[in-house]
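Asker: sequence unknown, structure follows:
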Ligand code: ZN
């Protein structure tokens, strides 16, 4: 396990104090009934978000058939945009071509959640998930696609609901035919109008 895989710890007391200060700075009274527990709740949220433990990620099995594509779609995660510290969600489609190893099904979700539980961007998220899969499966043949909505665009700024698509394709998925197949597959299988 590398250092970057260690679960980070937050300074809960400091987050609480900062939220109290934030409430004051936006003209609120942090001692009023509705807000009295808010700093603690928000500090609890950050603890839950940052100290997320994805569990065991690398349970693999021997591949039954070589050169077979395995894809898992509709893996929904919530994350937090590092530019605005506002939430975004995305549905991930994750595919790889099995060589020696195949990955346990729940591990796709664990890997996706692990990389979503930090301040990040959707582009970074797909790339982090792809890199982790490459390392575990010892293959370059990995594709990760995400379609998401970012509250920093929906509830602020241009205030427009949208879907953003980002991809991380490598190995055989870079080759045009495979690329077309994987991209069209994603378009077909990802919901286009799911409400959150
Ligand atoms: Zn943003």
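Answerer: Cool, the structure landed. Just so we're clear, the structure is a prediction, and the values are computed from it rather than from any experiment. Residues are numbered from 1 along each chain as shown.

Asker: who in the protein is up against the ion?
Answerer: Contact residues (C-beta under 5 Å from the ion) of the chain with the ion: 81, 83-84, 152. C-beta: built from backbone N, CA, C; applies to glycine.

Asker: can we see that at 6 Å?
Answerer: Proximity of the chain to the ion (C-beta under 6 Å from the ion) is limited to residues 81, 83-84, 86, 150, 152.

Asker: Quick check: of the residues you listed, which has the highest neighbour count?
Answerer: Neighbour counts for these peak at residue 150, which has 24 neighbours (criterion: other C-beta atoms under 10 Å).

Asker: where's the closest residue to residue 40 other than its chain neighbours, which helix or strand?
Answerer: For residue 40, ignoring the flanking residues on the chain, the nearest one in space by C-beta to C-beta, 6 or more residues apart in numbering is residue 16 at 5.9 Å. Here residue 16, judged by DSSP states H and E, is contained in helix 12-25.

Asker: Residue 152 too?
Answerer: Using DSSP H and E, residue 152 maps to helix 151-154.

Asker: what are the pairing partners of the helix or strand following that helix, and which direction each?
Answerer: Using DSSP H and E, the next helix or strand after helix 151-154 towards the C-terminus is strand 164-169. Note on strand 164-169: by DSSP bridges, its sheet partners are strand 142-150 (antiparallel).

Asker: Can you give the contact residues for the strand it pairs with?
Answerer: With C-beta atoms under 8 Å, 6 or more residues apart in numbering as the test, strand 142-150 has contacts from 81, 86, 88-96, 122, 125-127, 129-130, 133-134, 161-171, 173, 182-183, 186, 190, 196.

Asker: Do me a favour and average the pLDDT over stretch 149-162.
Answerer: Averaging pLDDT along stretch 149-162 gives 96.

Asker: nope, stretch 37-46 is what I was after
Answerer: pLDDT averaged over stretch 37-46 gives 98.

Asker: follow-up on the earlier one: next secondary structure after the helix holding residue 16?
Answerer: Defined by DSSP H and E, the subsequent element after helix 12-25 is helix 38-50.

Asker: Which helix or strand lies directly C-terminal to that next one?
Answerer: Remark: after helix 38-50, the chain's next helix or strand is strand 60-62, criterion DSSP H and E.

Asker: Any buried residues in that next one, and which?
Answerer: Within strand 60-62, no residue is scored as buried using 16 or more other C-beta atoms under 10 Å.

Asker: quick one: low-confidence ranges for the protein?
Answerer: 1-6, 176-196 (pLDDT under 70).

Asker: how does it look with 50?
Answerer: By pLDDT under 50, the weakly predicted segments of the chain are 1-3, 188-196.
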